[in-house]
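**Q** below is the sequence, then the predicted model.
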Amino acid sequence: MTSLLRLALIAAALLAGPASLPAAAQSTPSPPANPASSPLRVFTVGASVSAGFGLSAEMATEKDVALAVFLEAALTDRGRERVTFVDEGEGWFFNAPYKSGAKLIDAAIEGDADLVVGVDFLFWYAYGNGSRTSPRRAKGLEAGLRQLERLKCPLIIGDLPDISHALKGSGPFGAPIVNRSMFPSPAERQSMNDTIRAWAQERSDVRVLPLADLMSRYVESKPVQVRDLEWRVSSLGEALQKDLLHPNARGTAWVAMIIADEISAVPGFEDGDFRFDEAAVLGQLDELTQVSRERRAEKDRKRAERKAKREARAKEKEGREREQKEKGQRLAPIR
């Protein structure tokens, strides 16, 4: 009787359709019992600032240290349980912003981002080669905003700073890494920033990080504030690398804390997720980059060993050639 009853129940379930099957018999896995326990995924998308351009030289690391790592360093113990950062910074973004931008937004969508931080995502859509009043700039900005519109999660973006001071900077080869033709005119840059803010105001889940104001404060030696911290630079070199465009380690730590302050206001995140203490952030950063520094030191050691061996072989060869030459001179017949 029991076997017949079991067969009858299974037959009834099959006729009723998959929805009425017991959970163990369904092919689609059940959702996690507690989805809220999964860390919130924050994707950092953007260009060289997001990628940490140039920081490997200052920090003696194997690779450049991305903004996402600085943000991770700003997390509290509780924050590390609740939040994880995914680096999607692209150092070569400037070379093909349309292609790079689409790829990075694809990654954030496919990665099921809970929040996207694009502090310098729009920069190279607006800057770039062309005349100072090129209509391509406004169209480029529109293209960047269209990419961001694909996101279905909260977003923090940066506006467009004035980087004219970078014309006095020194890049890897000594010359400035930017030229004046890349810059929009002051009026055009202001117009594009107005466009960014108007676009953001139409979307309740978009916040704008005032990079333009931050950079002007550096240039004018005005105080930069986040929570109860204040920092006033006496020269651009305190916050920026020698190229006067990219932030140095301390400057990036401050950018990370400013971003963290914005993240704290996003629904789902909490005020206690981050620490706002420069020394503590830099100390945690030191721990996070220790392995990278050790790898860099090991590579440098092996490189030095190879160089020493090459020099020793060259010296040995030179000695043999000199000895043979001297021997030949002694054996030469006297005329």
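**A** Yes, it's here.

**Q** strands along the stretch 101-250 of the chain, start to end?
**A** With DSSP state E, counting those that start in this stretch as the criterion, the stretch 101-250 of the chain has strands at 115-118, 155-158, 206-209, 224-226, 229-231.

**Q** just how off-centre is the last one within its chain?
**A** In terms of Cα atoms, centre = their mean, to the nearest Å, the centre of strand 229-231 is set 23 Å apart from its chain centre.

**Q** buried stuff in that strand?
**A** Buried residues in strand 229-231, counted by 16 or more other Cβ atoms under 10 Å: Trp231. Where C-beta positions appear, they are placed from N, C-alpha and C, glycine not excepted.

**Q** how many residues are close by Asn309?
**A** Actually, residue 309 is Lys rather than Asn. 10 (other Cβ atoms under 10 Å).

**Q** I'd like the distance between it and Lys315.
**A** Using Cβ to Cβ, to the nearest Å, Lys309 is found at 11 Å from Lys315.

**Q** can you check Ser56 too?
**A** For Ser56, the distance to Lys315 equals 32 Å [Cβ to Cβ].

**Q** report the contact partners of Ser48.
**A** 54, 89, 91, 93-94, 120, 246 (Cβ atoms under 8 Å, 6 or more residues apart in numbering).

**Q** likewise for Arg137?
**A** Contact analysis of Arg137 by Cβ under 8 Å, 6+ apart lists 126-128, 130, 184, 188, 192.

**Q** low-confidence ranges in this protein?
**A** 1-37, 129-134, 331-335 (pLDDT under 70).

**Q** which non-adjacent residue is nearest the most centrally placed residue in it?
**A** Using Cα atoms, centre = their mean, the residue of the chain that lies closest to the mean C-alpha position is Ser50, 2.5 Å off. Distances taken as Cβ to Cβ, 6 or more residues apart in numbering place Gly89 nearest to Ser50, at 3.2 Å, with adjacent residues excluded.

**Q** same thing with Pro154?
**A** Asp205 (4.2 Å).

**Q** burial count for that neighbour?
**A** 14.

**Q** 54 is where my numbering starts, stick with that
**A** I'll keep to 54 as the first residue from here, and by that count the last item is Asp258.

**Q** my guess is it meets Ile210, correct?
**A** No. In terms of Cβ atoms under 8 Å, Asp258 does not count as a neighbour of Ile210; the distance is 11.5 Å.
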